[in-house]
Structures are given as structure tokens and as C-alpha cells.
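Undergrad: Quick one, what's the 3D model for this:
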Amino acid sequence: MYAFDFVKPSTLDEAVLALAQEGAQPFSGGQTLLPTMKQRLNAPDALVSLTGIAELQGVRRDGDTLVIGAATTHATVAAEAAAHYPGLAALAGQIGDPAVRNRGTLGGSVANNDPSACYPAAVLASDATIVTNSREIAAADFFQGMFTTALEEGEIITAIRFPIPAKSAYAKFLQPASRFALTGAFVAQYADGVRVAITGASEGGVFRWSEAEATLSGDFSPEALSGLSVPAGGMIGDLHGTPGYRAHLVGVMTRRAVAAAS
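TA: You can find the predicted model right below:
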């Protein structure tokens, strides 16, 4: 077993300074990082914990926007966002199991951008803004493919700002062991139209389903999606499902999300 330093700063400035050291890596919930370390797929020289920084915690409403600190756990989002953004709260409540939800964080999930993670769908469908220690990034510019984002070396997500929709819901077909989404769909209805984001299906990671958005903006009902489908090309194929199967699930999960939206 190799040795590494564990640093737990109490302020954002301290965290930025610690991450400037060679071989340092941020540690939030650790739900992805720790398993990769156990498998010797990742060997940082130092882990810089973000969980003790008060300014990265909490859920608060700012007008028509819900602002959530990056180090806020899934369990806290599920409990405290429910009164303001029910679809987002319900999504958080479906992540993993209670142990994962009480350790994993919003910022950690979004920064990792796992192609089967749930939060990226909500961030993209909400047209959210990712706030870091140095700038603000629109959701459309943030996600850049599997495990790839616009974050630069040493940059820390501090909060995410979610515009609150009139209606929203998330539906996912989960892999029973991991509870990751084989395919998940998040729908959000705003005054200027409907946004639909899909996770778990595409080799390119989370994406918006523009045809469904156009249709639902005119008729927000599951029936309106009848006959719509996404092509199987570019969908993930693995032991859990073929590209065609995932393409089919995109339509199924989107219809379920629309039916559940409130």
C-alpha cells in the first residue's frame, strides 16, 4: 500500500493553495475516487478534502434560482431541495443507497462527469450555471464527453445555480448492483420551452434530445412523444445492454419523466 497525504482545509483559499501542489487531487464525497484508488487506477500524492469548507455547503433559494453548494451531499439535496425543485430532489434521492447519498456530493458527481451519473442530466436540462473559484460556466459548455469537463487543473466547483422550472421530473432505468443509470431522462418545463437531457445512454456522455424538446414544448404529454426515437448509432453497448436497447430506453424514460412531472 502506498502512502499519501490527506489535507482538510477549512477555507476555499486554503484548498486552492493545497491543490496547487504537484500530485494533489480534490476529494469530495470520494464515491468514485476511492474505488479507483483501491484498484490502483489512481495514485495521488495528496488528497485535498473539500468537505470541511462551509462556503461549499448548503441549499438556498435566490429568487427563481436554487443555489446548491458543491460539497452538499445527495441526501441533503434530496431533503432540502424538495420544497423548491421537486424533480431535482427526487433525482438526488434515487442516487445509490443511503451510504452513498450521505457521502457523495453534487460537485463531485458533476466534476467527474461519469456517463451514467444522474446529476449531469439535471444540470443540462436546467440550463444550470456551474460556479467555480475563478469563473462561471454554462452547462452547455461544461460537459465535454465521457469523464471530461471544462474544468481546468486545480479549478474547484463551488456551487451550481439551477433555474427553477414550472414542472420537472427524472426517470431512470437503473443497473441493480451499482444503481447507476443504464439510461435516465430529466425533463424540465420553463416558460420559454421544455428541455430534455439524457444520461447513461450515449458514448458522448450526457446530451439534450432536441426533437423531444420541440415536441414537448408544443404538447407536454407522454403521448406527444409517440413515434419519436433516437438513433442507436453512438449509444453505449456493453454487457448490460446493446446500443439499440439504450436508444429504446431513451424514449421510454423520457415518456415516464413527462408523466411524472409536477
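Undergrad: Only C-alpha atoms from now on, for both contacts and neighbour counts.
TA: Fine.
Undergrad: what ranges do the helices span in the stretch 101-250 of the chain?
TA: Ranges of helices in the stretch 101-250 of the chain, per DSSP state H, counting those that start in this stretch, are 106-112, 119-125, 139-142, 210-218, 243-260.
Undergrad: Determine which stretch of those is the most buried.
TA: helix 119-125 (a mean of 28; mean count of other CA atoms under 10 Å).
Undergrad: which residues touch it?
TA: 88, 91-92, 106, 109-110, 113, 129, 139-140, 162, 170, 184-188, 195-199, 206-208 (CA atoms under 8 Å, 6 or more residues apart in numbering).
Undergrad: Which helix or strand in the protein has the lowest average pLDDT?
TA: Within the chain, no helix or strand scores below helix 33-38, which has a mean of 74 by mean pLDDT, DSSP states H and E.
Undergrad: in its sheet, what does the helix or strand following it sit against?
TA: Once the chain leaves helix 33-38, the next helix or strand it forms, by DSSP states H and E, is strand 46-49. The sheet places strand 46-49 alongside strand 5-7 (parallel), strand 24-27 (parallel), with pairing taken from DSSP bridges.
Undergrad: now those as CSV including mean pLDDT?
TA: Listed next are the strands paired with strand 46-49 as CSV, based on pLDDT from 0 to 100:
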stretch, mean pLDDT
strand 5-7, 88
strand 24-27, 85
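Undergrad: Looking at those, spot the one closest to T148.
TA: Between T148 and the strands paired with strand 46-49, the shortest separation by CA to CA is 15.6 Å, and it involves strand 24-27.
Undergrad: What is the distance between the closest one and the centre of its chain?
TA: Mean-position distance between strand 24-27 and its chain equals 19 Å (CA atoms, centre = their mean, to the nearest Å).
Undergrad: which residues are contacting it?
TA: Contacts for strand 24-27 (CA under 8 Å, 6+ apart): A18, L19, L33, P44, D45, A46, L47, V48, S49, L50, T51, G108.
Undergrad: Mind doing that once more with 10 Å?
TA: 4-8, 15-16, 18-19, 33-34, 43-51, 71, 108, 153-156 (CA atoms under 10 Å, 6 or more residues apart in numbering).
Undergrad: Throw together a PyMOL command that grabs the buried residues out of these.
TA: Applied in PyMOL, the following selects the buried portion of the contacts of strand 24-27 according to 16 or more other CA atoms under 10 Å:
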select buried, resi 7+8+15+16+18+19+33+43+44+45+46+47+48+49+50+51+71+108+154+155+156
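Undergrad: all strands for the stretch 51-200 of the chain, in order.
TA: 59-62, 65-69, 129-132, 136-138, 157-163, 167-174, 181-190, 193-199 (DSSP state E, counting those that start in this stretch).
Undergrad: mind exporting the fifth one as PDB, just the C-alpha atoms?
TA: Provided in PDB are the C-alpha atoms of strand 157-163 (Å, rounded to 0.1, in the frame of the first residue of the first chain):
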ATOM      1  CA  ILE A 157     -16.600  23.900  -8.300                       C
ATOM      2  CA  THR A 158     -18.000  26.000  -5.500                       C
ATOM      3  CA  ALA A 159     -21.800  25.900  -6.300                       C
ATOM      4  CA  ILE A 160     -24.300  25.200  -9.000                       C
ATOM      5  CA  ARG A 161     -27.200  27.600  -9.800                       C
ATOM      6  CA  PHE A 162     -30.400  25.900 -11.000                       C
ATOM      7  CA  PRO A 163     -33.100  27.900 -12.600                       C
END
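Undergrad: can you list the domains in the chain?
TA: Split into domains by automatic domain parsing, the chain comes to 5-49, 59-163, 167-260.
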